[in-house]
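Below are the sequence and a predicted model; questions follow.
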Amino acid sequence: MNLETPKKHYRIPDENLRFEKVIPPKGGKSYKRNDHADHANFLLQRSSVVRTSLAQKEDYHWSKHLFLNIRSPQSTVIKSEKTKLKALGFEILSLNKLHKNVCLAKISKDNFDILQDKIKRYATDFGNPGKTNLAILDDIEEVEAEDKLSGLKKLQDDLTVIIYLYNSLSQKERFVILNRLESEFQKLSIETESQVFANGTTALSCKADYSVLENIAKSYSTVNKVELNSSFFIKRSLPASKLPGMLTVNPPISNSIVAIIDSGIESSSIPFRSLVTTNLRYLPKSAVDVDQDHGTFVASRCLYGDEIDSCLSSNVLTPYCKVMDVTVFGKDKLGRSVGPDDFSLMNIIGEVVKKHHAEIKVYNLSLGKPEPIKDFDYSEVAKQIDYLSKMYGVIFIVASGNIDVPLGVYPHDHFGNNGSRLGSPAESLLAITVGSIAKYDNLNCLAVKNEISPFSRIGPGADGGLKPEIVTHGGNLDKGYKATARTSSYGINNTGHELAIDVGTSFSAPLVSQYVVRLIDAFPEATTNLIKALLYHFAQKRSIPSTLINPHNFYTGFGEPDIEHSLISAPNAFSYFFEGAIDQTKYQYIGFHIPTIFKTDISTKLKVKVTVVFDPSVNPINDLEYSMARISATLFKAQGTEFKEINVDADQKYNLPWNPILQFEKEFTRGFSCGYWELRLRLFTRGTLTNKYVQYFAVIIEVIDSNNKVDVYKETLKEFGNKYQIVRSKGNAA
């Protein structure tokens, strides 16, 4: 075997796995009431009032369940009482963001009858039977209409909204209730459009006055929420120079396809001819024509990369892949750009992914909303992206969004303003969110080279986690907050004959889309979890202004992708891959080896870097506990004949519970033995997941000589190469 080139990655075999049983904790204590009879009588009165009120709703006879707010005592966290509530017939649907003792729950009408019988016996029979479970109930309440209409302004006319039903309704219940709602609006001469989306979200869009919507929220207990149906926006680029007249466009290196969901691509011009596989048109209703400027610019950067302007001297362009044009923006009769709204975009991405997921794995979304996201608040578009990502094994690349105007003194007040936070749908948990860094600078620029771009929106994500995960070149701005030619990013404009300049995370995202396709081409058998892990693990850190004190990864995430090292190990490192599945019943130990060179050569310094990526199921109606699975990871080093758990300092790890990415690294100078080490994983679940849930994951473990003194790759192969399986890759992705 040639030990010098290529320096491949190696797969950990199943023989290196061992398991230990997880001993679950014992149940909690019962809540004590001073006067059970008084408590029981209160519950009887409250349950009767709620049942009477709900029985008068328009949809009472069309659903077999009741949807209620329930309270536990102020000092009790209601989610910890899930078992007791289940015994009473309740299923927790979502937790209250402001009050830890309140939740939304559903209960069947039959079980509610049984519950009332239990309360009666609790009130009248000797010993207050059932108190173990019933004592935890502090109150039962109807969901107020105002709670469903949060964010909408009273007395406002012509609100364009989406009315969402509860996801847990049966298919029959959904369609019956949707028909009833449509009939209600028809009587008022209000046009509607309804849809059951891929993840089960059931929605109706319309334009109506607040008073009408308030009446619907009061009359239909199966209405979950009413939200504004807002639109997405893009902007135009500036022409820079004409493409060479004798331009040669080479055949694409790969036949892989990226779906560009944008404003359309000028596919008839030379740079795109034969490279656009399909044109799908989903123009907004008010659009009378296409406006392909933004989409063409984005597509050109996906096809040709960041150095597209080199064609001015070479007269040659070489595309890496092909693209599919999914047009969702247009222009109206006044020439203004019009984009999709939430309702239509959810529809479009669901339809496109369902139809094309077998041949297209990467979907570029260089669009977003100007409003910053909020803590524990996931947009319905982001929820659709997460569902489609897991269901169909695809990867969405989403721009983090742009800060269009200065938000204060740069950089501290500017990035410290809440308006600098991500725009929807960049909060999607399973999408790769992309920010921008500057590649070029001058003395008049706000950012220096390889520093976050002034316009790039930042994290944290909705769960408080790392966002954006990745950054690439999207341009720079001068001190007047203006773009200049050389410090901007380059692409091709809607004429198809001119290079144009622009700045924005919209133009960082397509670079990452190409990188992801290159990794998929190189490792065609890899799961999406491993593709993401490759992108994150080998990314190179990028800088932020020195006066910023917030967590660094909220700005530039794991850094800029390093595709070369994602494909081939550096000489001073050896990379192990593992893809597996884990359930809640067992700890899973993954074994790997440290070569003895780290003991025999005192010039070395051992570093172990670990990245774990998984794709948790998400709960579309419980934003506070949106991710329903988490994996914990613990490294064990060899110490003599035993293993010792390793503590990793906070500044050397990224590990937010319930976030789908873990990464940490640890340097060692003493107190370890070479040979066999282990990484221990454990799965936790919550929400609606059962004990049978299995979580798939990918792990990259990299053994590095931080001092870069020895060929770790060569030494590891020489000592342990026969124990591992080479990960085959295709050369055309390099």
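Sure, I can see it. Numbering: from 1, shown residues only.

biggest helix in this structure by residues?
Identified as the longest helix of the chain according to DSSP state H is helix 36-54.

so what does it touch, helix or strand wise?
Counting contacts by 3 or more CB pairs under 8 Å, 6 or more residues apart in numbering; DSSP states H and E, helix 36-54 is packed against strand 65-71, helix 109-124, helix 131-134, strand 139-142. For glycine as for every other residue, the C-beta is placed from the backbone atoms N, C-alpha and C.

closest one to N34 among those?
helix 131-134 (12.0 Å; CB to CB).

From the contact counts, what lies against that closest one?
Where contact means 3+ CB pairs under 8 Å, 6+ apart, helix 131-134 is packed against helix 36-54, helix 82-87, helix 109-124.

What residues sit buried inside that helix?
For helix 131-134, a neighbour-count test (16 or more other CB atoms under 10 Å) marks K131, N133, L134 as buried.

The last one is in contact with F90, isn't it?
What that stands for is L134. No - between L134 and F90 there is no contact under CB atoms under 8 Å: 11.5 Å.

Start and end of stretch 120-135, how far apart?
13 Å (CA to CA, to the nearest Å).

can you list the residues that contact that stretch?
Applying CB atoms under 8 Å, 6 or more residues apart in numbering, the external contacts of stretch 120-135 come out as 30-33, 36-37, 39-41, 43-44, 84-85, 87-88, 118-119.

model confidence over it, on average?
On average, the pLDDT along stretch 120-135 is 92.

gap between that stretch and the chain center?
Centroid displacement of stretch 120-135 relative to its chain, using CA atoms, centre = their mean, to the nearest Å, is 45 Å.

Check the burial of the nearest residue to V703 once chain neighbours are set aside by counting its neighbours.
Distances taken as CB to CB, 6 or more residues apart in numbering put F574 closest to V703, at 4.8 Å, once the chain neighbours are dropped. By the criterion of other CB atoms under 10 Å, F574 has 29 neighbours.

Angles on the backbone of F574, please.
phi -140, psi 130 (degrees, to the nearest 10).

quick one: it and L283, what's the gap?
52 Å (CB to CB, to the nearest Å).

Going by contacts, tell me the helices and strands next to the lowest-mean-pLDDT helix or strand in the chain.
None of the helices or strands of the chain scores lower by mean pLDDT, DSSP states H and E than strand 238-242, at a mean of 86. When contacts are defined as 3+ CB pairs under 8 Å, 6+ apart, strand 238-242 sits against strand 498-502.

got the buried residues for the strand it packs on?
Buried residues in strand 498-502 (16+ other CB under 10 Å): E498, L499, A500, I501, D502.

returning to that earlier point: out of the helices and strands packed on helix 131-134, nearest to H537?
Nearest to H537 among the helices and strands packed on helix 131-134 is helix 82-87 (35.7 Å), distances taken as CB to CB.

could you give the angle of the helix or strand following the closest one to strand 65-71?
Per DSSP states H and E, the first helix or strand lying C-terminal to helix 82-87 is strand 91-95. For strand 91-95 against strand 65-71, the angle by axes from the mean of the first three to the mean of the last three CA atoms, to 10 degrees is 60 degrees.

Show residues contacting strand 91-95.
Against strand 91-95 from outside (CB under 8 Å, 6+ apart): 67, 78-79, 82, 85, 102-107, 166, 168, 619, 621-625, 688.

Take these and keep only those in helices.
K82, L85.

The spatially most central residue of the chain: what's it in contact with?
Residue closest to the average C-alpha location in the chain (CA atoms, centre = their mean): L429, at 1.9 Å. The contact partners of L429, by CB under 8 Å, 6+ apart, come to Y378, A382, D386, G461, A462, D463, P616, V618, Y626, S627, N659, P660.

Likewise for Y320?
P252, I253, S254, L303, Y304, G305, Q514, V517, R518.

looking at it, the third one is touching V517, isn't it?
Think S254. Yes - in this structure, S254 is within contact of V517 by CB under 8 Å, at 6.7 Å.
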